[in-house]
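> Sharing a model prediction with you, sequence too.
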Amino acid sequence: MKNKKKFIKIAIDSPAAAGAGTIAKSISKHYNLLYLDTGKIYRLIALTKLKTKNKFNFKFLKKKIKHLNLKSLENKDLLSDEIGTEASIIAKDINIRKLVHSFQINCAYKPPKKFNGSCLDGRDITYKIVPDADFKFFVIASSKVRAKRRFLELKKLKKNVSYSSVLKSIKKRDKSDYNRSISPLKKTKDSILINTSNLSKRACFFKIKKIIDRKIKY
Ligand code: C5P
């Protein structure tokens, strides 16, 4: 009989631009996991709101969300700083969170058969979306390091931003994400803290891989 690989679920929470997405992507590729950047869902809703203006209400969004798929999250317009800020405002709405809950659950627990599991990152993944994850990580970095990384990313995308404006918006988003009453960003007791401030992408990848390989033997 063929040796079936164990289905693994990885949950990552982190503040903006701490490097969670980069880690999640490389780890997902390595272990053949479905990767979902849940922040993109809130960003897509924010973009929809800005684009549709007067038409935007809960009923309208409910219809739109029915067509939500991974492809729709690849839109480059989702990456701007303004959309990130708007997303963090929208993400405080409990009804909007409920609306996108099942999409995240499906990705985490029922990814297409070709995958060996799932890896989701966001703000409430370790305690709300995938509380029984096999691996939980809380990824952080100093706000200055995060602002520098985000600034360089946005520059690459030819966005007209300054380092100080990016730092300001990261701090604003932290304040909102950590302190909101609905699904705040927090480190659960069973999450492993990864501080990426002084780590290269490669070092982050190997640090996490070592933790995973110690527990699972492929
Ligand atoms: O991760 P990203 O910076 O793209 O997320 C944008 C915003 O979406 C966050 O600042 C946060 O307020 C919200 N978000 C959330 N829950 C998640 C993922 C993102 O509230 N699981």
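Now that the structure is in, tell me what you want to look at. Numbers count the residues shown, from 1 in each chain.

> For the chain, what lies in contact range of the ligand?
16, 38-39, 42-43, 84, 87-88, 91, 122-125, 173, 177 (C-beta under 6 Å from any ligand atom). The way it works is simple: take the backbone N, C-alpha and C, and place the C-beta from them, glycine included.

> State the next helix or strand along the chain beyond whatever helix or strand Thr48 lives in.
Using DSSP states H and E, Thr48 sits in helix 39-52. Using DSSP H and E, the next helix or strand after helix 39-52 towards the C-terminus is helix 58-65.

> which parts of that next one are buried?
Buried residues in helix 58-65, counted by 16 or more other C-beta atoms under 10 Å: Leu61, Lys64, Ile65.

> The closest residue to the second one other than its chain neighbours: how many residues sit nearby?
For Lys64, ignoring the flanking residues on the chain, the nearest one in space by C-beta to C-beta, 6 or more residues apart in numbering is Thr48 at 6.1 Å. Using other C-beta atoms under 10 Å, Thr48 has 17 other residues around it.

> what's the distance between Thr48 and Leu61?
Noted for Thr48: a distance of 7 Å to Leu61, by C-beta to C-beta, to the nearest Å.

> Could you do Phe137 as well?
From Phe137 over to Leu61 (counting by C-beta to C-beta), the distance is 31 Å.

> Next: Glu153.
28 Å.

> low-confidence ranges in this structure?
1-4, 218 (pLDDT under 70).

> Which member of the residues of the chain next to the ligand is positioned nearest Leu157?
Gly84 (12.6 Å; C-beta to C-beta).

> Neighbours of the closest one, how many?
If you count neighbours by other C-beta under 10 Å, Gly84 ends up with 22.

> immediately after the helix or strand hosting it, which helix or strand?
Using DSSP H and E, Gly84 maps to helix 81-90. For helix 81-90, the following helix or strand on the C-terminal side (DSSP H and E) is helix 94-109.

> Now do the same contact list for Ala133.
Shown in contact with Ala133 (C-beta atoms under 8 Å, 6 or more residues apart in numbering): Lys9, Ile10, Ala11, Ile125, Thr126.

> so the first one touches Tyr109, yeah?
Looking back up the chat, that one is Lys9. Yes. Look at Lys9 against Tyr109 with C-beta atoms under 8 Å: they come within range, at 7.4 Å.

> Overlap of the contact sets of those two?
By C-beta under 8 Å, 6+ apart, the residues touching both Lys9 and Tyr109 are Ser118, Val130.

> What segments of the chain are strands?
All strands of the chain, identified by DSSP state E, fall at 8-13, 34-37, 117-122, 135-140, 192-195.

> thinking again about what came up before, can you tell me which of the residues of the chain next to the ligand has the largest number of neighbours?
Ile125 (29 neighbours).

> okay, now Lys201: neighbour count?
Applying other C-beta under 10 Å, we find 13 residues neighbouring Lys201.

> can you check Lys210 too?
Neighbour tally, Lys210, other C-beta under 10 Å: 9.

> I'd like to know how far it sits from the ligand.
Noted for Lys210: a distance of 25 Å to the ligand, by C-beta to the nearest ligand atom, to the nearest Å.

> tell me the phi and psi of the closest residue to Lys155 other than its chain neighbours?
The shortest distance from Lys155 to any residue other than its chain neighbours is 7.3 Å, reached at Val161 (C-beta to C-beta, 6+ apart). Backbone torsions for Val161, taken as degrees, to the nearest 10, come to phi -130, psi 160.
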